[in-house]
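Q: coords below, sequence missing:
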């Protein structure tokens, strides 16, 4: 117990770090990866100079630098945890909380930032900026000479503003308040100068950077991916840092030493409870699930996608789109399509949505199908619509790939040259470069060569309202594109267009021989019966006995209960059949 | 005088020795083997003609080399040597002196390069220095060559005599809206306009006295103003109004079609804030677009196509080059449309008619169909002699890839155009001489301080416009107009 009391501050920090690491690594890893997916850090002077040319630019640069490691969620979680623990330590240090009963309140700013980071659009530079602000505060109070401390803060305030953006206000407030507490009369003049600087720095910056609004120059830090993000998300953690510092001074140790442990324990429990409740409340696990599908598709881990869907049924159209792609890649689309509660054609080929992260996901699906131009378009539009004007390593890689497949080697070279300047895409870029201007090598590449073969020679126009026609065009160009054919059949089934399904099936019947997938058999029986009522028994496809028997059973129950009552009677045993989808979905 | 001559002779001898050293060896004791071919350089400045006030044409070897060196030798005598690792950075003062002393003459450039550890000396190439200067500023939009969305973009002005590029306005100031269709009256900064699209939007109209923000949509027109062209008097601006759509190809090489579902041409009376609605340019049965005034202001050129279903029959929509007379005093139009080039009859389509400042020629872009030529690899520039009615295919200017937007310099001796000849996607600005006899010369790519700039740039140069003098815009005033929603509605 004594040891626990002696090291309780260190234990609290370690516990905070572990909890944060655990959360981001085990419960929220895809959110971590998404940060990396939507930015590009290149090792170049021009990027450094361009970024630090703005107020808050150093925080932005450092944030971008750290986020490049988020490509590995473990490393990303570790970095977030380390930043949060460092912040907590700094807050405790400059607030004078070490060795006091109120030490646990030093975790509050870190907890608040973790809550904010549950939103994938809250960006790491905000954390870096807050942390740097506390470092400046620590440096400030460590200077004992009053004049040097006061005038140093005034002189360095423009630099601090340029380094941490809007957080310079919090630093200045801390300085003013700190000198007020010390009743330092000598500080009057420097504080007056500081107040003048506070108001004039963004205005001065506007003179040199007229192409940014005054608001943007004031905040500087890229704290939220969307331009219209609430500024309170940036100010609240800073305000909380100051509040903690304020409380540490104004809430004296009123508890007797004998009750100190109890007081500590209560605070820890309350903050732990608050932290967990807030994180669970603000974390969006539905989004995390979709992002996990996306990351698995990116790594082409198709069986993991199916396992995930089996463990917890997908809910959104985009999740279904990934599941169906995984089923198609595993040749299971016709067998297992209706094992899942399908949501229609948008769960197969989603419609265009002008949102960067959705376009990024949709690009994956079109790419694997062989719609190389559409995949390229979606990737390009996705990168261009990233709200904070970042490039994306992931998307540049996709653009390089599609341009290699299309034979546009000089354009691909541009993207590859950029990726060569990164840490994590460099190896891929160097390898991809060896394919440039070498058609034979590209043709021999397992993935790129195949997709190049799938590319249609005869042009057709992308038409979202006729997606089945596009799939047919794609398949007709290269009849070995079985995925496109499976998608065509599945699209017809999900859109309940059985005449088209029947006519389409004959074009690629040879893919299946005598082993027609179960859901296709069900659609064939029904479609054939509809078109050839008198010849229903003479169906010219190899339908197995099980499917025929199930059809008879289904028909018997349906006749018995009628359309209105049959759904519940059939749902238990027949919800995985196409007939059930056709009649009740 | 005799002493001076002796000193001069001594200098000349030294210079010759230095050149000889430069030609023969590149590190004093290394000998360059002669190669019986021209160097392959990027940008391709071999045998181009340049204005005497252009910034230095820095270049690099197209293939890998560890070092390179070039001797620049003016026909009139001034010479210097430049060396570099990955590219040649020509000293600006020496370059200026070289061009100033060799106006209407040629500069010989002898390039040596160290390749695989050995120095090679290439056959010298020439750069012709024209007597005609070019306008000081080039204005363009920098934008990613995207499909539906766009990221950071803006209008920029480049000083052609240096490498300085400044933003005129960027969309960081405009809630990430789009900024486009910049236009200048008679190549001057005195009267200009551009559009801002998005939540905060309008047409920004700048004259010497004031800057205004216009809402240009009226009940009588199908859209806001789109493609502009100033009347030489500055009293009018011709605009197209377009209902535009996009479709996307699934096979290469074409990726995108930008097409008009409907379009008309109108003329905006700047002084009276009134839109003139010429019935012959707003016909239901045809599309009209890309207007431009003749230098005397009495003819309005435009492109016109028979109306068709733009989505289903986009390949059949072909624009002719037409004109109609215009009376600037009364603001009235003639009662008939003349067709200058029956492109549609020949299975072709025309966009961007631009008359030369002397009114003798008309340059336009010709493509297989449609009007949005930047996505058409077959698009080329053509030149019509208006007096003789003849057409020149401008072979020396065109490439197998896209040539699209073009504009003239104020003196009519230069034109700038956008081309995708380098990589097929990212548009770059090329400049070419146009002489008194109506002959165009081999174009050169806009020089940059570092020629690698183009390779790392993920943006296209869009709508290059040459402007006399500097270009200035009070962005704070524009920002104020946008933030206070001080927008003026145009009337009809």
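A: Noted; the coordinates are in hand. All values reported here derive from a predicted model rather than from experimental measurement.
Q: now the closest residue to chain B within the stretch 151-300 of chain A: how far from residue A:419?
A: In the stretch 151-300 of chain A, the residue that lies nearest chain B is residue A:211 (4.3 Å; C-beta to the nearest C-beta). For every residue, glycine as well, the C-beta is placed using N, CA and C. Using C-beta to C-beta, to the nearest Å, residue A:211 is found at 28 Å from residue A:419.
Q: which one of those two has more residues nearby?
A: residue A:419 (24 against 18; other C-beta atoms under 10 Å in any protein chain shown).
Q: helix/strand/coil for residue B:109?
A: Following DSSP: H, G, I helix; E, B strand; the rest coil, we place residue B:109 in the strand state.
Q: neighbours of residue 355, just the number please.
A: Let's take chain A. 15.
Q: wrong chain, I was asking about chain B
A: Using other C-beta under 10 Å: residue B:355 sits among 24 other residues.
Q: mind listing what it touches?
A: Going by C-beta atoms under 8 Å, 6 or more residues apart in numbering or on different chains, residue B:355 touches B:292, B:293, B:294, B:295, B:301, B:361, B:362, B:363, B:386.
Q: so what's residue B:366 up against?
A: B:343, B:348, B:349, B:350, B:379, B:380, B:381, B:382.
Q: distance of residue B:118 from residue B:226?
A: Taken as C-beta to C-beta, the span from residue B:118 to residue B:226 is 57 Å.
Q: who has more neighbours out of the two?
A: residue B:226 (22 against 11).
Q: next secondary structure after the helix or strand containing that one?
A: Using DSSP states H and E, residue B:226 maps to strand B:225-230. Following strand B:225-230 in sequence order, the next helix or strand is strand B:236-248 (DSSP H and E).
Q: what's the helix ranked longest in chain A packed up against?
A: Ranked by residue count under DSSP state H, the longest helix found in chain A is helix A:545-574. Secondary-structure packing of helix A:545-574 (3 or more C-beta pairs under 8 Å, 6 or more residues apart in numbering or on different chains; DSSP states H and E): helix A:518-531, helix A:578-584.
Q: okay, and residue 411 sits in which element?
A: Let's take chain A. Counting by DSSP H and E, residue A:411 is part of helix A:409-419.
Q: that's the wrong chain, I wanted chain B
A: For residue B:411, there is no host helix or strand (DSSP H and E).
Q: how many other residues sit next to it?
A: 17.
Q: alongside chain A, which residues does the stretch 1-150 of chain B contribute?
A: B:144, B:146, B:147, B:148, B:149, B:150 (C-beta under 8 Å from any C-beta of the partner chain).
Q: farthest pair within the residues you listed?
A: Longest distance between any two of the residues of the stretch 1-150 of chain B next to chain A is 11.5 Å, between B:144 and B:148; criterion C-beta to C-beta.
Q: separation between the closest residue in space to residue A:548 that isn't next to it in sequence and residue A:583?
A: Sequence neighbours aside, residue A:525 is the residue nearest to residue A:548 in space, at 7.2 Å (criterion: C-beta to C-beta, 6 or more residues apart in numbering or on different chains). Using C-beta to C-beta, we find residue A:525 at a distance of 14 Å from residue A:583.
Q: between the two, which is the more surrounded one?
A: Neighbours were counted for residue A:525 and for residue A:583 using other C-beta under 10 Å; residue A:525 has more, 22 against 17.
Q: report the contact partners of that one.
A: A:539, A:543, A:547, A:548, A:551.
Q: in chain B, which helix or strand is least confident?
A: helix B:2-24 (a mean of 47; mean pLDDT, DSSP states H and E).
Q: wait, doesn't residue A:322 sit right on residue A:294?
A: Yes - using C-beta atoms under 8 Å, residue A:322 makes contact with residue A:294 at a distance of 6.8 Å.
Q: higher neighbour count, those two?
A: Per other C-beta under 10 Å, whichever of residue A:322 and residue A:294 has more neighbours is residue A:322, with 26 against 23.
Q: list the contacts for that one?
A: A:293, A:294, A:296, A:297, A:305, A:314, A:361, A:364, A:365 are the contacts of residue A:322 under C-beta under 8 Å, 6+ apart.
Q: with residue A:224 instead?
A: Contacts of residue A:224 by C-beta under 8 Å, 6+ apart are A:121, A:122, A:123, A:126, A:230, A:233, A:234, A:388.
Q: now those in JSON lines, with pLDDT?
A: Below are the contacts of residue A:224 laid out as JSON lines (pLDDT from 0 to 100):
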{"residue": "A:121", "pLDDT": "95"}
{"residue": "A:122", "pLDDT": "96"}
{"residue": "A:123", "pLDDT": "96"}
{"residue": "A:126", "pLDDT": "96"}
{"residue": "A:230", "pLDDT": "82"}
{"residue": "A:233", "pLDDT": "90"}
{"residue": "A:234", "pLDDT": "92"}
{"residue": "A:388", "pLDDT": "92"}
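Q: get me the contact residues on the stretch 1-150 of chain A for chain B.
A: Residues of the stretch 1-150 of chain A lying near chain B (C-beta under 8 Å from any C-beta): residue A:46.
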